[in-house]
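A.B. asks: below is the sequence, then the predicted model.
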Amino acid sequence: MPIPEALKGRLKAPVIAAPMFLTSGPDLVVETCNAGLLGTFPALNQRTSDGFREWIRAIRGRLAPDAAPFGVNLIVHKSNPRLEADLAICIEERVPLIITSLGAVPELVAAVHGYGGLVFHDVVNARHARKAAEAGVDGIIAVAAGAGGHAGTLSPFALVSEIRSFFAGTVILSGAMNRGHEVAAARMMGADLAYLGTRFLATEEAMVPEAQKRMVADSTAADIVYTPKVSGIPASFLRQSLATAGIDPEGGASPHLDMESEAKVWRDVWSAGQGVGGIGDIPGAGDLCRRLIDEYQAAVAACAAEARTEGWL
Ligand SMILES: Cc1cc2nc3c(=O)[nH]c(=O)nc-3n(C[C@H](O)[C@H](O)[C@H](O)COP(=O)(O)O)c2cc1C
């Protein structure tokens, strides 16, 4: 299965720390990449395009020579007034991986390919995956049921196999993975790379309040509510934070917020995925990555050993 040439030999395990609004910044990216996994952040986590460029340069300055590549998430939608400026900066700074959300645009893909960069695009269904494939992206991120943020509703098995049936590029699975053996399982079921968000929320470097990290570490899947009642687009939230913000996920009409208003709401209402039940600590991101790498290697070795013993190999 295809790991892009540009990533071959650059990752210590097939893991991307997913971009998270108000959460991922230079410290999380640097710790992740220096530990050998691909770190990312949304451009909009910096208040201005100039600040965004400074972050990219600061990250580059702190990466070890053998660090994994990093990536930036761009919201490709007319409601994002910074798209043009932020994309121009990504091109000038030759950001290794661009992760696009909402719009998959051939011109953007061509511009990024022009300097040798990669484009991954996130989707929640096969229809959007087909559009991304037509736009020429290198990878499609299959956001399955139970993911943090704007999750999908489809089983990861259903979504990955359907995308695989028409897309020959890299498939990245997103949703509810925390441990190395879960990453191994994602690859066994047809994905090339695993995309972990919520697990990285509960790290020292995540730029969120300590109370949010604690809530992630203390919650179970039953505490996650998937609702459009916060912004109009269904997303996964911690039930307790909805209650604190006075939002009733069962009652009332769904608002239709523009990007700016949605951004404000996300400060008070905390998103997390169903994987919270498998998270119990708040480690440094580097330690978390090293643990993931060890777990992944152990899972692959155990699987191969058992297959040999059973005569399946
Ligand atoms: C707090 C939070 C913020 C997020 N913000 C973004 C974002 O700005 N852009 C984006 O493409 N995905 C965003 N996501 C989704 C993640 O990139 C990723 O798809 C998801 O977290 C993976 O599922 P998991 O949380 O179950 O690991 C966010 C997720 C969370 C939990």
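C.D. replies: Yep, it's here. Numbers count the residues shown, from 1 in each chain.
A.B. asks: how about the contacts made by Thr32?
C.D. replies: Counting by C-beta atoms under 8 Å, 6 or more residues apart in numbering, Thr32 touches Ala17, Leu38, Gly39, Ala68, Phe200, Ala285, Gly286, Cys289. The way it works is simple: take the backbone N, C-alpha and C, and place the C-beta from them, glycine included.
A.B. asks: tell me which of these is nearest to the ligand?
C.D. replies: Closest to the ligand out of those is Phe200 (7.9 Å), distances taken as C-beta to the nearest ligand atom.
A.B. asks: would you double-check that Ile247 falls in a helix?
C.D. replies: No. Counting by DSSP: H, G, I helix; E, B strand; the rest coil, Ile247 falls outside a helix, being coil.
A.B. asks: so who does the residue in the stretch 151-300 of the chain that the ligand sits nearest to touch?
C.D. replies: In the stretch 151-300 of the chain, the residue that lies nearest the ligand is Gly197 (2.0 Å; C-beta to the nearest ligand atom). Applying C-beta under 8 Å, 6+ apart to Gly197 gives the contacts Ala17, Ala18, Met20, Ala147, Gly148, Gly149, Ser174, Gly273.
A.B. asks: got the residues you listed as JSON lines, with pLDDT columns?
C.D. replies: Shown next, in JSON lines, are those (pLDDT from 0 to 100):
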{"residue": "Ala17", "pLDDT": "99"}
{"residue": "Ala18", "pLDDT": "98"}
{"residue": "Met20", "pLDDT": "98"}
{"residue": "Ala147", "pLDDT": "98"}
{"residue": "Gly148", "pLDDT": "98"}
{"residue": "Gly149", "pLDDT": "97"}
{"residue": "Ser174", "pLDDT": "98"}
{"residue": "Gly273", "pLDDT": "98"}
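A.B. asks: same for the host helix or strand of Ala184, what does it pack against?
C.D. replies: Element membership for Ala184 (DSSP states H and E) is helix 180-188. Counting contacts by 3 or more C-beta pairs under 8 Å, 6 or more residues apart in numbering; DSSP states H and E, helix 180-188 packs against strand 193-196, helix 285-310.
A.B. asks: neighbouring strands for the first one, and are they parallel or not?
C.D. replies: Paired strands of strand 193-196, with direction, are strand 15-17 (parallel), strand 170-174 (parallel) (DSSP bridges).
A.B. asks: so what's the residue count around Cys90?
C.D. replies: By other C-beta atoms under 10 Å, 25 other residues sit near Cys90.
A.B. asks: doesn't it lie inside a strand?
C.D. replies: No. Assigned with three-state DSSP, Cys90 falls outside any strand and is helix.
A.B. asks: near the ligand, from the contacts of Gly197?
C.D. replies: Restricting the contacts of Gly197 to those near the ligand by C-beta under 6 Å from any ligand atom leaves Ala18, Met20, Ala147, Gly148, Gly149, Ser174, Gly273.
A.B. asks: what does the stretch 201-313 of the chain put close to the ligand?
C.D. replies: Leu201, Ser271, Ala272, Gly273, Gly275.
A.B. asks: hang on, Ile141 packs against Tyr195?
C.D. replies: Yes. With contacts counted by C-beta atoms under 8 Å, Ile141 reaches Tyr195, the gap being 5.7 Å.
A.B. asks: can you list residues touching both of these two?
C.D. replies: Common contact partners of Ile141 and Tyr195 (C-beta under 8 Å, 6+ apart): Ile172, Leu173, Ser174.
A.B. asks: just the angle between the host helix or strand of Arg164 and helix 180-188, please?
C.D. replies: Under the criterion of DSSP H and E, Arg164 resides in helix 156-166. Inter-element angle recorded for helix 156-166 and helix 180-188: 40 degrees (by axes from the mean of the first three to the mean of the last three C-alpha atoms, to 10 degrees).
A.B. asks: can you give me the buried ones in helix 156-166?
C.D. replies: For helix 156-166, a neighbour-count test (16 or more other C-beta atoms under 10 Å) marks Pro156, Leu159, Val160, Glu162, Ile163, Arg164 as buried.
A.B. asks: wait, does that helix make contact with the ligand?
C.D. replies: No. Shown here: helix 156-166 not in contact with the ligand (C-beta under 6 Å from any ligand atom), separated by at least 10.5 Å.
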